Every structure is written in C-alpha cells, then in structure tokens.
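Colleague: Any chance you can model this:
(2 chains, ligands or ions: 2)
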Amino acid sequence: MRTIANDPVEAVLAAGLKDLWYPICPSEFVAERPVSLRRLGKKFVLWREASGKLHALEDHCPHRGAPLSMGIAMGDRIACGYHGVQVRFDGVVTSVPGSPGCKLEGAKATRSFHVQEACGAIFLYNSTVNVDQPPPLRLPEELTSDEYSHFLCYTEWKGGYRYVTDNVMDPMHGTFLHKQSHSMAEGDNTATFRVRETDLGFVFEKEGQRGVNFDWTEWADTGLHWMRLAIPYPKTGGPGGSFFIIGSYTPITDNVAAVFHWRCRKLSGWQRDTWRFLYRNRLEARHWTVLEQDRVVLEMMEPDANQREMLYQHDMGLVRWRRHMRNLAKEQLEREDAAAPTKAA
Amino acid sequence: MSELRQEVYLNPHQARRRPPTPYEDLLGDSIERAFAAGIHDLEGLVAHLNRTGPGCLQNEGVWTEALYQEEMTRLAA
Ligand code: FES
Ligand SMILES: [Fe+2]
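Modeller: Ligands and ions are numbered 1, 2, ... in the order given. Prediction:
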C-alpha cells in the first residue's frame, strides 16, 4: 500500500470515502448499553433508548476525550464516566455538573452521526460535518422487495476492505478457488470479460456465459457502495433459480474489514419457507465454507500485495473500480479544499 | 460491552438459533434428495416425504400439503 504521507488519495480511501452510507455492524451488536466500534477512521459510540431508538456519536467526550462508551446512557444522551459531562445524541452538551453554566453547556461539541437499521444491519452516514438530514439509504431490490428472502452473513477479516471488493470484482477466482464447493464446479477455466456501464456503476461480466458459475459481478453507488452477484444453485437447492449475494464492505482499521454479505433468493410461499429452512439447517454451513476460502487467501496476502501485481484481462474489473474510487477520493479532496478557510497570503 | 472488540468476528451460524434436531436433519436430507431428483412441485415433494420419511410430527406421521406448509412456516420463522 502506498504510504499515507505520500498519497492523500490513499489516505482518503483507507479511511473510507465520506458522505456515504456504510453498514457498520449487525443490529444485535447494539443494545441499551453503549458500544464502542472502530470504523471509518474513527471510534463511534452506539446505544439505544429503551424504545429501541438508535443513536451514534463519535466516541470522544468533548471535555477531555474520554470514551463516551465508558459512560452511562440516559435515554437520548450519555453521561461521560470521567467527569459526568452529558452529551445528547445530536452532539450538544446538555450539562456540565462540575461547572454549571460554563460555555461548554449548550455547545454542539461532539460529532453526531445518522444511523438507520435495515436488513439486520445498522447503517451509518459517514458525513464530513454534522448534517441535519442525511440522504435516503437506498438498497438494491434484493434487500427491499418482498419477492426476495434474505439472510445477512457478517464477518470481520484481517485485510483492507478494498481487498474484499477486489475479490468480488474478480469472478474468475470462483472457477479455481471454489472449484471444490457445492455450487461453483461448472464453467470454463478461461473467459473473456467486458465492462458494461449501468446507471449506478458498472457490471463486469464473462462474454457468452451466464448462469453457469460466478459469471458476473456488479458494483453500484446509491449513496451506499454495494456489489451484486449471482451464483447458480445445484439441483438440490430446489426451485427458485440463482442465489444472489449483495456485498458491502467497511474499513475497521487499515488491516481489518467489516464484511457484509446478504444471501438472497427470489421465492415465495412454501418454496421460500423451504429455502429458509434449508439455509438454516445446512446451506449456511456450506456457504460459510466457500466464504472461508476467500478469507484465508485474503488474510494471507501481504498488505502491500497490490503494489506488486501483473494484471491480465480477467482483472480489468478491479482496475476499473480502483480508478473510479481514486477519482471519487480526488473529488472529495477538492471539496474539502474548497470548504477549508482560505489561508493567509 | 464498552471495550473495543479485540478479536475479529467469525461466527459460522448466524441464521439459526439452536443446533438442528435429528428430525430436522432427516427432513433436510429428504427434501434435498427430492430436489436432486427434479421434484420441484409441492404435491411431488409431499409424496416423496411420505415414501422416504421422516414422518410428519402430526397426523400419525402422514404429510399433507397443508401440514408440510405449516411445518416449513414454523421452521422458516
Ligand atoms: S472527559 Fe468526559 S467529562 Fe471529562
Ligand atoms: Fe470467492
């Protein structure tokens, strides 16, 4: 990996692009007790009110920086455990018990973040500055339409989150790495790929092969970056056709990624219930074995493996995606420069 | 759980709430065998279960389409 000091674009990408939604953890990670999560170059504290309403602040007390997650949640605010300063969900300090009336009271002194739950996960809007209203969270139809049923699989992998996208942007590994799996034993060992632009991003696909193996992958930006792919089920998977995966990946640190995969199938009635039963009873374990093959390879790669590559035609999808991400990072840096106060001449 | 998670999260079972029972395993085996044989309709699947088991937990072991759907609704919930 390029060193951050040398490359501001790299620094932006390592921490995750700003002003986007990111999945940050499964819903059940957060209850009423405050939880600290390192994500996106920060630490966040998340907690719920008794009603289940979810809140997120930067896990940093505005007084002297103690983690707010070590404090006590009091409904819509947290009392810091160090000196009792109370910070509301919107970042406003509501009480300074040690010095009532001091100017910290009433100040919006802590970064606050919008959070929303969907499909078993908590999504956070990674805004550059506090915003009153985030853009809507827009998920792909596999996660929003009643015609699909889905399960979330959440894992944390030791490696940068961009290696996870590289892996999904590389369908050809299915034929080799996953050859011994239950669903990817078919298809040619060679293929010609092409990139097809879409309204939301692009599709990277094999020419002349669909519904045989891991034949295409899609990258999309709806204010959330997500990926989509389909893998045919073997006959034992029953009616319902291919199995869809929606992926979205979030940095925890430079070398740990939060990996979200929703496994989806378009089914209804008894077929849907039967798939859900089989998924719980046995398919989840088989899908896990396949995902572990990916994790083991990725975790064994050196952090700078992507600095010594000799890419060929199968890799044009990830080349396309990396270029796009670098452009988004440059645009973010330009926005930040434009917003910065002008320096003295 | 206010401390930072030190270990990465790798939980192979996120969908199920308990280990399957032997009956559920047999039912899964039987359904997969029916699917592998190309039986993709409810009537055929129920007939397959009545031939090869496991028996239905109700109705003296006999599966009907309604009982199969009821059982799948329960197991899918
Ligand atoms: S550091 Fe939080 S109240 Fe002092
Ligand atoms: Fe894979």
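Colleague: The longest helix along chain B: how far from the chain's middle?
Modeller: The longest helix of chain B (DSSP state H) is helix B:22-36. Distance of helix B:22-36 from its chain centroid, counting by CA atoms, centre = their mean, to the nearest Å, is 7 Å.
Colleague: Show me what counts as buried in that helix.
Modeller: B:Glu24, B:Leu27, B:Gly28, B:Ser30, B:Ile31, B:Glu32, B:Ala34, B:Phe35 (16 or more other CB atoms under 10 Å in any protein chain shown). All C-beta atoms are positioned from the backbone trio N, CA, C, and that covers glycine.
Colleague: export these to JSON lines and tack on distance to ligand 1 and pLDDT?
Modeller: Shown next, in JSON lines, are those (distance: CB to the nearest ligand atom, whole Å; pLDDT from 0 to 100):
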{"residue": "B:Glu24", "distance to ligand 1": "51", "pLDDT": "97"}
{"residue": "B:Leu27", "distance to ligand 1": "55", "pLDDT": "98"}
{"residue": "B:Gly28", "distance to ligand 1": "53", "pLDDT": "98"}
{"residue": "B:Ser30", "distance to ligand 1": "60", "pLDDT": "98"}
{"residue": "B:Ile31", "distance to ligand 1": "57", "pLDDT": "98"}
{"residue": "B:Glu32", "distance to ligand 1": "57", "pLDDT": "97"}
{"residue": "B:Ala34", "distance to ligand 1": "62", "pLDDT": "98"}
{"residue": "B:Phe35", "distance to ligand 1": "59", "pLDDT": "97"}
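Colleague: Going by distance to A:Val290, which of these wins?
Modeller: Among the buried residues of helix B:22-36, B:Glu32 lies closest to A:Val290 (CB to CB), at 17.3 Å.
Colleague: ok, and of the buried residues of helix B:22-36, which contact chain A?
Modeller: B:Glu24, B:Leu27, B:Gly28, B:Ile31, B:Glu32, B:Phe35 (CB under 8 Å from any CB of the partner chain).
Colleague: picking up where we left off before, and the helix or strand following the longest helix of chain B, what does it pack onto?
Modeller: Later in the chain than helix B:22-36, the nearest helix or strand by DSSP states H and E is helix B:42-52. Packing contacts for helix B:42-52, counted by 3 or more CB pairs under 8 Å, 6 or more residues apart in numbering or on different chains; DSSP states H and E, involve helix B:22-36, helix B:65-76.
Colleague: Next, find the distance separating B:Pro54 from chain A.
Modeller: As judged by CB to the nearest CB, to the nearest Å, B:Pro54 and chain A stand 13 Å apart.
Colleague: and the helix or strand of chain A at the bottom of the mean pLDDT ranking, which residues are buried?
Modeller: One helix or strand of chain A scores below all others by mean pLDDT, DSSP states H and E: helix A:173-177, with a mean of 88. For helix A:173-177, burial by neighbour count (16+ other CB under 10 Å) applies to A:His173, A:Gly174, A:Thr175, A:Leu177.
Colleague: Name the residues that touch it?
Modeller: For helix A:173-177, contacts defined as CB atoms under 8 Å, 6 or more residues apart in numbering or on different chains pick out A:Asn167, A:Met184, A:Gly187, A:Asp188, A:Asn189, A:Asn213, A:Phe214, A:Ile231, A:Gln293, A:Asp294, A:Val297.
Colleague: For the closest residue to A:Thr217 other than its chain neighbours, which residues are in contact?
Modeller: Leaving aside its chain neighbours, A:Thr217 sits nearest to A:Leu229 (4.6 Å; criterion: CB to CB, 6 or more residues apart in numbering or on different chains). Neighbour list for A:Leu229: A:Val168, A:Pro171, A:Phe214, A:Trp216, A:Thr217, A:Glu218, A:Phe244, A:Ile245, A:Gly247 [criterion: CB under 8 Å, 6+ apart].
Colleague: what does A:Ser268 give?
Modeller: Counting by CB under 8 Å, 6+ apart, A:Ser268 makes contact with A:Glu147.
Colleague: try A:Val131
Modeller: Counting by CB under 8 Å, 6+ apart, A:Val131 touches A:His114, A:Tyr125.
Colleague: Secondary structure element holding it?
Modeller: Going by DSSP H and E, A:Val131 is not in any helix or strand.
Colleague: Past the least confident helix or strand of chain A, which element shows up next along the chain?
Modeller: Counting by DSSP H and E, what follows helix A:173-177 is strand A:193-197.
Colleague: buried residues in that following strand?
Modeller: For strand A:193-197, by 16+ other CB under 10 Å, it's A:Phe193.
Colleague: you'd agree A:Thr94 is in a strand?
Modeller: Yes - under DSSP: H, G, I helix; E, B strand; the rest coil, A:Thr94 falls within a strand.
Colleague: what's near enough to touch B:Leu67?
Modeller: Counted by CB under 8 Å, 6+ apart, B:Leu67 has contacts B:Cys56, B:Gln58, B:Asn59.
Colleague: any idea which of these has the most stuff around it?
Modeller: Most neighbours among these, by other CB atoms under 10 Å in any protein chain shown: B:Cys56, with 19 neighbours.
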